[in-house]
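Enquirer: Build the 3D model from these lines:
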Amino acid sequence: MELIISRIFVSLDAMSMVAVIWASELWIGYKNIIASAVVPFANEGPRKTREISLLQGITKPLIIAVAINKIGIEAIRNDPAFKDGYYDVDEVKEKGMVGLAVGRMAGHLSFLNESSMREKFGRNYTESDGLYELFGRFEVERYLEYNGHNFSKNFDPLSYLYAVKTMNIFNAARGSDTLEEALSKIKSEFHLISFKGDVLFFPEEMHEIYEVMCKLGKRDQCSYLEVDSDLGHDAFLIEVDKFSDHILEILGDK
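Expert: Below you'll find the model as predicted:
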């Protein structure tokens, strides 16, 4: 039976990479889909795709994201446990990899912003650590360590490197002379949602897509919503109530 994809709703997160596809009254959960790829999918995907909703997307990564990714790349490739890519998979699952943990810590900084970090951690110092201990930690440091080292036991280092490389070189206009030419091919309804406090995918990046679509005379098939939030890139996971009604309207459920 032919699968007709009628609606696509993508929730973009560089590391969570979660997408949900509604198809003929069924929904299927997909992982490891880089959300930014929705733009070329809108150009080249099934002709029967009618609606695409994009949360936190970009046409190309900001240079600060490339710089943050470089920290992870170098930390992994210079970790003796990486062994030029010939590492022991079972050993990494058991013990993790320091280089991957450091990369995750660096990347995690882009998921939050200064305001959300201040609200979540403040200047709180870990109670079990001495204030004058050389490696005594603030709560934010303890959080990054915990998150990074747990991540390194559950994510393959080479997969991480390939994912980061893919994100770094992504360009929605590749294969076209301009972004306008790339977006001119979109036939679907295109709904864009950004978050004010996002320091990884700036709202300006998504608004640029909307402006280009309008310039191309596609205002009627495109919408843009900027959610008022100060929780950084992770806001779409935390403040669902701020945009859920909008999504339901798009899906025709309200």
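
Enquirer: can you give me the helices for the chain?
Expert: For the chain, the helices defined by DSSP state H cover 38-44, 63-77, 89-95, 98-108, 114-121, 139-152, 157-169, 179-183, 203-215, 235-238, 244-251.

Enquirer: Just say which of the ones you listed is most tucked in.
Expert: Ranked by average neighbour count under the criterion mean count of other Cβ atoms under 10 Å, the helices of the chain are headed by helix 98-108 at a mean of 22. (Glycine included, C-beta is placed from N, CA and C.)

Enquirer: Just the residues contacting that helix, thanks.
Expert: By Cβ atoms under 8 Å, 6 or more residues apart in numbering, the surrounding residues in contact with helix 98-108 are 14-15, 68-69, 71-73, 75-79, 81-82, 92, 144-145, 147-149, 151-152, 155, 157, 160, 164.

Enquirer: Using PDB, write out the CA atom coordinates for that helix.
Expert: Included here for helix 98-108 are C-alpha records, laid out as PDB according to Å, rounded to 0.1, in the frame of the first residue of the first chain:
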ATOM      1  CA  VAL A  98      35.900  11.700  28.100                       C
ATOM      2  CA  GLY A  99      36.300  13.400  24.700                       C
ATOM      3  CA  LEU A 100      32.600  12.800  23.800                       C
ATOM      4  CA  ALA A 101      31.500  13.900  27.300                       C
ATOM      5  CA  VAL A 102      33.400  17.200  26.800                       C
ATOM      6  CA  GLY A 103      31.900  17.600  23.400                       C
ATOM      7  CA  ARG A 104      28.400  17.100  24.900                       C
ATOM      8  CA  MET A 105      29.200  19.700  27.600                       C
ATOM      9  CA  ALA A 106      30.200  22.300  25.000                       C
ATOM     10  CA  GLY A 107      27.200  21.500  22.900                       C
ATOM     11  CA  HIS A 108      24.800  21.600  25.800                       C
END
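
Enquirer: ok, back up a step: go through the helices of the chain and name the closest to residue 131.
Expert: The closest of the helices of the chain to residue 131 is helix 139-152. By Cβ to Cβ, the value is 13.1 Å.

Enquirer: tilt between the closest one and helix 98-108?
Expert: Relative orientation of helix 139-152 and helix 98-108, computed by axes from the mean of the first three to the mean of the last three Cα atoms, to 10 degrees: 120 degrees.

Enquirer: So which elements touch helix 139-152?
Expert: helix 98-108, helix 114-121 (3 or more Cβ pairs under 8 Å, 6 or more residues apart in numbering; DSSP states H and E).

Enquirer: what's it in contact with?
Expert: Helix 139-152 is touched from outside by 92, 96-98, 100-105, 108, 117, 120-122, 124-126, 137, with contacts defined as Cβ under 8 Å, 6+ apart.
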